[in-house]
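S.K.: this is a predicted model, with the sequence first.
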Amino acid sequence: MTASTAPQTDRWNVWAIVAIVTVWFTVILGLIFGHIALSQIKNTGERGRGLALTAVIVGWIAVAAGGLFAMFLLIFGGLAISSQS
């Protein structure tokens with residue numbers, strides 16, 4: 001059984017372009033736009049899947065890095081504060 005995909009077109013998906021640009025400035029919006037683009041590309045067969053996928057991957061890596069950084073600050077900040085008292 002093969003997956004049904006839309007035929008390829010020469011048009012670029014605008015949301016994919018917006019996602020790859022936006023993810024460098026506002027991670028959450030880049031992630032949202034990337035997921036929108038992937039959904040549209042799946043249905044329409046437009047170009048830009050690589051751009052959208054890159055935006056989504058970079059966005060989730062940035063979210064994970066931000067979460068790790070926040071945990072680092074909480075743990076070591078709390079240790080620094082507790083050692084002073």
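M.R.: The structure has been received and is ready for your questions. Residues are numbered from 1 along each chain as shown.

S.K.: quick one: mean pLDDT for stretch 76-85?
M.R.: What stretch 76-85 shows for mean pLDDT is 83.

S.K.: show the contacting residues for Val23.
M.R.: Leu29, Gly30, Leu31, Phe33, Gly34, Ala55, Val58, Gly59, Ala62 (CB atoms under 8 Å, 6 or more residues apart in numbering). Using the backbone N, CA and C atoms, a C-beta is placed for each residue, glycine as well.

S.K.: export the host helix or strand of the fifth one to PDB, keeping only CA atoms.
M.R.: Translated: Gly34. Applying DSSP states H and E as the criterion places Gly34 in helix 27-44. What follows is helix 27-44 as a C-alpha-only set of coordinates in PDB (Å, rounded to 0.1, in the frame of the first residue of the first chain):
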ATOM      1  CA  VAL A  27      10.900  30.200  17.800                       C
ATOM      2  CA  ILE A  28       7.300  29.500  18.700                       C
ATOM      3  CA  LEU A  29       5.900  31.300  15.600                       C
ATOM      4  CA  GLY A  30       8.500  29.500  13.400                       C
ATOM      5  CA  LEU A  31       7.400  26.200  14.800                       C
ATOM      6  CA  ILE A  32       3.700  27.000  14.200                       C
ATOM      7  CA  PHE A  33       4.300  28.200  10.700                       C
ATOM      8  CA  GLY A  34       6.500  25.200  10.000                       C
ATOM      9  CA  HIS A  35       3.800  22.700  11.000                       C
ATOM     10  CA  ILE A  36       1.200  24.600   9.000                       C
ATOM     11  CA  ALA A  37       3.500  24.500   6.000                       C
ATOM     12  CA  LEU A  38       4.200  20.800   6.300                       C
ATOM     13  CA  SER A  39       0.400  20.100   6.500                       C
ATOM     14  CA  GLN A  40      -0.200  22.200   3.400                       C
ATOM     15  CA  ILE A  41       2.700  20.800   1.400                       C
ATOM     16  CA  LYS A  42       1.400  17.300   2.200                       C
ATOM     17  CA  ASN A  43      -2.000  18.200   0.700                       C
ATOM     18  CA  THR A  44      -1.000  20.500  -2.200                       C
END
